[in-house]
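Engineer: my questions concern the predicted model and sequence given below.
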Amino acid sequence: MYGSVNSEVSSDAVSLETGSPPSLKLKLGLSSSDEQRDLAFRDASENRASPQIHSGMKRVGPENTDPRASKRIATPALAKTEDPFTAAMQNASQQHRKSEKEKQALQFKVLELEKALNTMASALEEHQTRRTMVDEKKATLEIELQHERECHRVDLETTKAETERLEDRIATLLTEKRTVEDTVRAKDDVIATLSGRNDAPSKDLDEQKREREFPE
């Protein structure tokens, strides 16, 4: 009885060392409690078995010659690497942390963009205020300029009319002067004729005036 159990244990240990899956648990369909009882039974069997049972076993380590050591070491590693739920949870956790970091980076970028937008809005508002002031000043200057142009036009028209009036007055005075001069000349001619001085008309009117003012 013990020899058959030991042979099955030896085949299981060899299959685990060579990388093939254990066959005992698959054949019998044992649970974890059944496996623990089977291991305890194997311990008792191996303590009573001859040394030839271990003659075909491979050593797991330099100091460990227990054929069950390979199964005890390999089974948790296989369970850890072959658990899809744990791997999925770890992947989901990593993706969540990565998403949180990306979210924080995007939130920071949004804040920076909002600050820049507020700065641009303030600058635009200030520019619009200045433009409004400039437009108002321009409108005021245009009104003043139009008023000055109107005043200048009125002054120019007034000056032009006054100039024309003065020119007409000067022309009238010149005409009157010539008339007076002609009258004086005619009177002088009459006086000269009466006094017997027939050469008087050949003299200039100004010379005649001087003769009247300063007689010899």
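Structural biologist: That came through, no problem. Numbers count the residues shown, from 1 in each chain.
Engineer: can you pull the poorly scored residue ranges out of this protein?
Structural biologist: In the predicted model, the chain carries pLDDT under 70 at residues 1-82, 196-216.
Engineer: helices of that one, residue ranges please.
Structural biologist: Secondary structure of the chain (DSSP state H): helices at 2-17, 24-28, 32-48, 68-81, 84-195, 205-213.
Engineer: domain-wise, how is the chain divided?
Structural biologist: 2-82, 165-213 (automatic domain parsing).
Engineer: for stretch 175-190, buried residues please.
Structural biologist: Under the neighbour-count criterion of 16 or more other C-beta atoms under 10 Å, stretch 175-190 has residue 188 buried. Bear in mind the C-beta positions are built from the backbone N, C-alpha and C, glycine included.
Engineer: wait, stretch 97-117
Structural biologist: Buried-residue list, stretch 97-117, by 16+ other C-beta under 10 Å: empty.
Engineer: okay, it in PDB with CA atoms only?
Structural biologist: Coordinates of the C-alpha atoms in stretch 97-117 are reproduced here as PDB (Å, rounded to 0.1, in the frame of the first residue of the first chain):
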ATOM      1  CA  ARG A  97      -3.900  55.900 -11.300                       C
ATOM      2  CA  LYS A  98      -2.800  56.900 -14.800                       C
ATOM      3  CA  SER A  99      -6.200  58.400 -15.500                       C
ATOM      4  CA  GLU A 100      -6.100  60.400 -12.300                       C
ATOM      5  CA  LYS A 101      -2.600  61.800 -13.200                       C
ATOM      6  CA  GLU A 102      -3.800  62.700 -16.700                       C
ATOM      7  CA  LYS A 103      -7.000  64.200 -15.200                       C
ATOM      8  CA  GLN A 104      -4.900  66.400 -12.800                       C
ATOM      9  CA  ALA A 105      -2.600  67.500 -15.600                       C
ATOM     10  CA  LEU A 106      -5.600  68.400 -17.700                       C
ATOM     11  CA  GLN A 107      -7.200  70.300 -14.800                       C
ATOM     12  CA  PHE A 108      -3.900  72.200 -14.300                       C
ATOM     13  CA  LYS A 109      -3.800  73.100 -18.000                       C
ATOM     14  CA  VAL A 110      -7.400  74.200 -17.900                       C
ATOM     15  CA  LEU A 111      -6.600  76.500 -14.900                       C
ATOM     16  CA  GLU A 112      -3.600  78.000 -16.900                       C
ATOM     17  CA  LEU A 113      -5.800  78.500 -19.900                       C
ATOM     18  CA  GLU A 114      -8.500  80.200 -17.800                       C
ATOM     19  CA  LYS A 115      -5.900  82.600 -16.300                       C
ATOM     20  CA  ALA A 116      -4.600  83.400 -19.700                       C
ATOM     21  CA  LEU A 117      -8.200  84.000 -21.000                       C
END
